[in-house]
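Asker: Sequence and predicted structure below; questions after.
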Amino acid sequence: VQLVESGGGAVQAGSSLRLSCTASELTFRGYTVAWFRQAPGKEREFVAAFRATGTTHYEDSVKGRFAISRDNAKNTAYLQMNSLKPEDTAVYYCAAGRSILSTMMTPSAYGYWGQGTQITVSS
């Protein structure tokens, strides 16, 4: 199983980026797909999730700016990031797992991870 992220880069504050995460040998249907991020010296933190039930959830600091979506037919998930801020700078990871609501924001609830893609936002 492999999750491959793409779409990272270096942008200025206020810009937009869209990350993609494509799975091979894994069918997203039935899984929660999530995005996490990790800044230097910090723990990996939850950003957004799209549960198999169809509900979406966001970390408070990205609500209204980021949008998670998924295309089960393409086995691809997306993270549209608008109004980027310098504090969004991190390595972004996609993850898939059969998490339940109470563990959705916990990295250990996910069994499959991408390699990460760097997002750098300059002021």
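Answerer: Okay, I see it. Residues are numbered from 1 along each chain as shown.
Asker: For the rest of this, base every contact and every neighbour count on C-alpha atoms.
Answerer: OK.
Asker: Pick out the residue closest to the middle of the protein.
Answerer: Compute the mean C-alpha point of the chain, and by Cα atoms, centre = their mean the closest residue is residue 35, 1.9 Å away.
Asker: Who is that residue paired with across the strands?
Answerer: Beta-bridge pairing of residue 35, defined through DSSP bridges, involves residue 48, residue 94.
Asker: contacting residues around the nearest residue to residue 25 once chain neighbours are set aside?
Answerer: Using Cα to Cα, 6 or more residues apart in numbering and skipping residues adjacent in sequence, the residue nearest residue 25 is residue 1, 5.0 Å away. With Cα atoms under 8 Å, 6 or more residues apart in numbering as the criterion, the residues that contact residue 1 are 23, 24, 25, 26, 112.
Asker: Just confirm the third one contacts residue 4, I think it does.
Answerer: So the one you mean is residue 25. No - with the criterion set as Cα atoms under 8 Å, residue 25 and residue 4 do not qualify as a contacting pair; they are 11.7 Å apart.
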